[in-house]
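A.B. asks: When you get a sec, could you give me coordinates for this:
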Amino acid sequence: SIHQGFIPWDDDIDIMMFREDYEKFLKVMEEKNSEKYTVFDIRYDEHYVFQFGRLSLNGTYWAEYWDSQVPFKLGIHLDLVILDKVPDNKFKRFLYMRRCLVLCKLCSISSIKIEQYSNLVKTVTHLLHFIFNKIGLTPKYYQKKMLKLFRKYENQDCKYYADLTMNEQPYFKIEDLKQS
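C.D. replies: Residues are numbered from 1 along each chain as shown. Purely as a prediction, here's the structure:
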């Protein structure tokens, strides 16, 4: 690989989970009601702008360049990357994954407050947020749409899985991911 296993701009730990395992994990964390950790997920906080989960250690702080643009603060954390089923047909898979990515981008745009840019950019984004909110295109709206779309193939027998939130949109054959 180009970076010999280390990606310079990705300075945290990622854990990949199949959707069904991620949902079980959320249920366990809800039942346990841990004071030590916080789970960040779009279902728990409409201002959480990422479409993957995070497990954050309470009492710590993880500085990010985008901190001032969101109302939540992360601690030291693990990224919880969710693998969802995608269509076996190559063309359908491409269209479906692109649709998911567009929805992810719209959700992020509807949430993020752009403060460090020029006054023109800030004014335009604040105006768009205002208009989107007035017509019901809120972060909550996009979050519900995303969860439904991500789980579209959940009960189907698919050979491929993907992280539907990444720009690169890699997909994997199930036999490459399961233990033999």
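
A.B. asks: so residue 74 touches residue 45, yeah?
C.D. replies: No. At 11.4 Å, residue 74 and residue 45 do not qualify as touching, with contact defined as Cβ atoms under 8 Å. In short, each C-beta sits where N, CA and C put it, glycine included.

A.B. asks: ok, so what distance separates residue 65 from residue 112?
C.D. replies: For residue 65, the distance to residue 112 equals 12 Å [Cβ to Cβ, to the nearest Å].

A.B. asks: And those two? Which one has more around it.
C.D. replies: residue 112 (16 against 7; other Cβ atoms under 10 Å).

A.B. asks: Neighbour count for residue 74 and residue 45, which is higher?
C.D. replies: It is residue 74, of residue 74 and residue 45, that has more neighbours when counted by other Cβ under 10 Å, with 20 against 16.

A.B. asks: Check for me that that one belongs to a strand.
C.D. replies: No. Counting by DSSP: H, G, I helix; E, B strand; the rest coil, residue 74 falls outside a strand, being coil.

A.B. asks: just checking, what packs against the helix or strand of the chain at the bottom of the mean pLDDT ranking?
C.D. replies: Every helix and strand in the chain was compared by mean pLDDT, DSSP states H and E; the lowest is helix 174-177, with a mean of 82. With contacts defined as 3 or more Cβ pairs under 8 Å, 6 or more residues apart in numbering; DSSP states H and E, helix 174-177 has these neighbours: strand 160-162.
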